Structure formats: C-alpha cells, structure tokens
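[1] Could you look at this predicted model? Sequence included:
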Amino acid sequence: MRWIVDGMNVIGTRPDGWWRDRHTAMVHLVDLLERWAATDGDDVTVVFEQPPRPPIRSSVVEVAHAQRPRPNSADDEIVRRVLAEPDPACVRVVTSDGVLSQQVSAAGASVYPSATFRAEIDPSW
C-alpha cells in the first residue's frame, strides 16, 4: 500500500498548539510517520503546502510539498500524485478534507480519516 498524507490536515487534528511553531509540528509528524512506516513497511509520502524551512529529511518517508505555496496547494499536489500513479487503487490518502477526498476517490484511491490515522500513529494524546 502507498500512503499519501495531507500533512497539515493530520497535524490540525489536535489542538496542541501546533500553530505556534508549524515547523516543529511538521518535524514531529515526520518522526511519527517514520516510526509507523518502519514497522508497517508501507511506502509513505507526506505533503505540505510549502517546503519546510529548514528542510526536513527522512530516509523512510518522502517529505514533499506543493509546487507553488498557496491555499489548498497541498491538495492539488496530492491529486497530481494520485493521478500519476499507475494503479491508484493501491494508494490511500490520509485527509479529512471533503473536496480532496472526493477528488482522490474519483481518481481511484481510497481515503483514510486524518483523526483516525493520527490516533494510530500517535496514541499518546
């Protein structure tokens, strides 16, 4: 299974003050995804609206961003990636964004709710 994670959508599932330090929240999410992917063995990509500054590097998870930062640009990048997949049925998109869910479902991917996913990868909250 290939997972594409709507990064800020997952981060936003918990009101833990992430908005005060977005970069730290992004680093934390990538760390959680690395641990989860290492045990699960699935291919994981997290997509943000703009490139993290400083860059976030991972040897386990692909950290991606939209080509141009603007509102909903991560959604556009996720749709672009799903459409580029040879077999979109093997892709699961993690998001709770209704429009994005409809778009990736129409392209053949499945959708997994952000809050449920966050609870699975970070049960500490």
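    In hand now; what should we look at?
[2] show me the contacts for residue 33.
    Under the criterion of Cβ atoms under 8 Å, 6 or more residues apart in numbering, the contact partners of residue 33 comprise 5, 44, 46, 58, 60, 61, 121. Every residue, glycine included, has its C-beta placed from N, CA and C.
[3] Do you have the strands of this protein handy? List them.
    2-6, 43-48, 62-65, 91-94, 110-112 (DSSP state E).
[4] would you list those in a markdown table and tack on mean pLDDT?
    Shown next, in a markdown table, are the strands of the chain (pLDDT from 0 to 100):
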| stretch | mean pLDDT |
| --- | --- |
| strand 2-6 | 98 |
| strand 43-48 | 97 |
| strand 62-65 | 97 |
| strand 91-94 | 98 |
| strand 110-112 | 98 |
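[5] can I get those in JSON lines with mean neighbour count?
    Formatted as JSON lines, the entries for the strands of the chain read as follows, by neighbours: other Cβ atoms under 10 Å:
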{"stretch": "strand 2-6", "mean neighbour count": "24"}
{"stretch": "strand 43-48", "mean neighbour count": "23"}
{"stretch": "strand 62-65", "mean neighbour count": "18"}
{"stretch": "strand 91-94", "mean neighbour count": "24"}
{"stretch": "strand 110-112", "mean neighbour count": "17"}
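[6] Which of these sits closest to residue 27?
    Comparing the strands of the chain by their distance to residue 27 (Cβ to Cβ), the top pick is strand 62-65, with 9.8 Å.
[7] Sheet-wise, list the partners of the closest one with their directions.
    strand 43-48 (parallel) (DSSP bridges).
[8] Now do the strand it pairs with: everything it contacts.
    Contacting residues not belonging to strand 43-48 are listed as 1-8, 26, 29-30, 33, 36-37, 60-66, 74, 77-78, 81 [Cβ under 8 Å, 6+ apart].
[9] 6 Å instead?
    If you take Cβ atoms under 6 Å, 6 or more residues apart in numbering as the criterion, strand 43-48 is touched by 2-5, 7, 33, 37, 61-65, 74, 77-78.
[10] So what's the gap between it and the chain middle?
    Computed by Cα atoms, centre = their mean, to the nearest Å, the separation of strand 43-48 from the middle of its chain amounts to 5 Å.
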